[in-house]
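Visitor: Any chance you could fold what I've pasted below:
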Amino acid sequence: MTRVALKDELLDAQLLRAIGASPYGGSDVGECLAVARLVSGTDLDGWHREWSVAAERVAALAQTAADAGHAETARLAYLRASSYFRTAGVMLMGAPVDPRLVEAYARQTEMFRCAAALMLPAGEIVEIPFESTTLPGYFLRPSGEQRARATVVLTGGYDGTAEELYLANGAAALARGYNVMAFDGPGQGAALIERGLAMRADWENVITPVLDYTLARPDVDPSRVALIGLSLGAHLAPRAASAEHRLAACIADCGAYDLYAAFLERVPSPLAGPFESGRPWARKAVAKLLQLLASKPTAGWALRRGLLVHAVDDPLDFVDALRDFTLAGRATSISCPTWVCNAEGDDISASAPQLVDAMTCDKTYVHFTAAEGAGDHCEQGARGLYHARSFAWLDELLHPGASSE
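Guide: Prediction:
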């Protein structure tokens, strides 16, 4: 894995995540490194404090520029402020919800919406009808004439937000002539923090209403809509594509095949088999290990995050919930062309080849390496390279510059 500036592996990865947004206006490298120099060890309170200070400073710059009529300076500063507020809050994810996380996510949304209002054309805030509520999101159009275009629907992961999806994939898609629909599904962003919607495995039942809304728009060509999944979204997107056959293409970055199987691989081998068979003593032993893990500042973050996202109190309930997150028996039902990648240093995406092997559709697999600077989870340090490869494939299928008429 790429090491940037911090000794702690997780915090350094989160730093790289922020830096990786720089090509699309989501950060300045120097600003990020300046914050990193102020973070001590695994002090998550300090992490939140220093990123918040940086975010407020950049937000003030954005407001000053906006007041002076400097729209582009303001737009870019609002984007950086949004990214820094999200970065400040993300390490506080856990149950019960930390009010600082609520505030950080609210501020990242506020800053992004200020930036979206200054885009050309301005970004549209949308509410997608979903069961008894709505899912928050954004519909963004590239510059130029308004017509029915090829469109990408962006779905994220455990700790991402619809706003971050713009930086991860949306800006690159717009630059290539695609419409962009980015949204928070259950367990994500505002849908989780503000509306209390927990994560669910049946992502086909999430994507179907999102597609219903998207395909009804006159500026969307219904025959040219692709779904792009990021991080956990790279598991959820193929799951959705296995049942939702209106999609013209699917991209999974980085595709994970079976989340429960991945958990079992991390359980000490003498416990894994008995735990899987439901032996009470093994479940009790694993529960103690998980409780100990959850108490560790960074090593336990993913577990604490999981409890919040899945709306459970017991670590074993979180683990049991992962049983439903498998593409076994479903991958063969994917009918649209599908592009799957993983990264050399990313354990989360190690099972991507299983997904590729299981699919019977037109499929493409790409392995990113550390030697090309793309060996980290979701190629965080080389998003430009990732976009070059993934959009080269998608462009050949959907021809974003072509008219639907």
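Visitor: and residue 319, how far is that from residue 296?
Guide: Per C-beta to C-beta, to the nearest Å, residue 319 is found 17 Å from residue 296. Yep, even glycine has a C-beta here, placed from its N, CA and C like the rest.
Visitor: Among these two, which residue is more densely surrounded?
Guide: Here residue 319 and residue 296 are compared on neighbour count by other C-beta atoms under 10 Å; more neighbours surround residue 319, at 23 against 12.
Visitor: ok so the more buried one is a helix residue?
Guide: Yes - checked against DSSP: H, G, I helix; E, B strand; the rest coil, residue 319 lies within a helix.
Visitor: how many other residues sit next to the residue nearest to it when sequence neighbours are not counted?
Guide: Sequence neighbours aside, residue 263 is the residue nearest to residue 319 in space, at 5.9 Å (criterion: C-beta to C-beta, 6 or more residues apart in numbering). Here the number of neighbours of residue 263 (other C-beta under 10 Å) works out to 18.
Visitor: same check, this time on residue 127
Guide: Neighbour count for residue 127, taken as other C-beta under 10 Å: 12.
Visitor: In stretch 95-115, which residues are buried?
Guide: The neighbour-count check on stretch 95-115 (16 or more other C-beta atoms under 10 Å) flags 98, 101, 103-105, 107-112, 114-115 as buried.
Visitor: Let me see the contact set for the residue lying closest to residue 144 once chain neighbours are set aside.
Guide: Take residue 144 and drop its neighbours on the chain: the residue closest to it by C-beta to C-beta, 6+ apart is residue 177, 7.8 Å away. Taking C-beta atoms under 8 Å, 6 or more residues apart in numbering as the criterion, residue 177 is in contact with 142, 144, 149, 150, 400, 401.
Visitor: Are any of the residues you listed buried, and if so which?
Guide: Among the contacts of residue 177, those scoring as buried are 142, 149, 150, 400 (criterion: 16+ other C-beta under 10 Å).
Visitor: Can you identify the element that follows the host helix or strand of residue 112 toward the C-terminus?
Guide: In this assignment (DSSP states H and E), residue 112 forms part of helix 99-117. Remark: after helix 99-117, the chain's next helix or strand is strand 124-130, criterion DSSP H and E.
Visitor: buried set for the helix or strand following that next one?
Guide: Where DSSP H and E defines the elements, the next helix or strand beyond strand 124-130 is strand 133-140. In terms of neighbour count (16+ other C-beta under 10 Å), strand 133-140 has its buried residues at 134, 135, 136, 137, 138, 139, 140.
Visitor: Among those residues, which one lies nearest to residue 270?
Guide: Set against residue 270, the nearest of those by C-beta to C-beta is residue 135 (43.3 Å).
Visitor: Helix, strand or coil: sort out the closest residue to residue 338 other than its chain neighbours for me.
Guide: Distances taken as C-beta to C-beta, 6+ apart place residue 250 nearest to residue 338, at 4.5 Å, with adjacent residues excluded. Classification of residue 250 using three-state DSSP returns strand.
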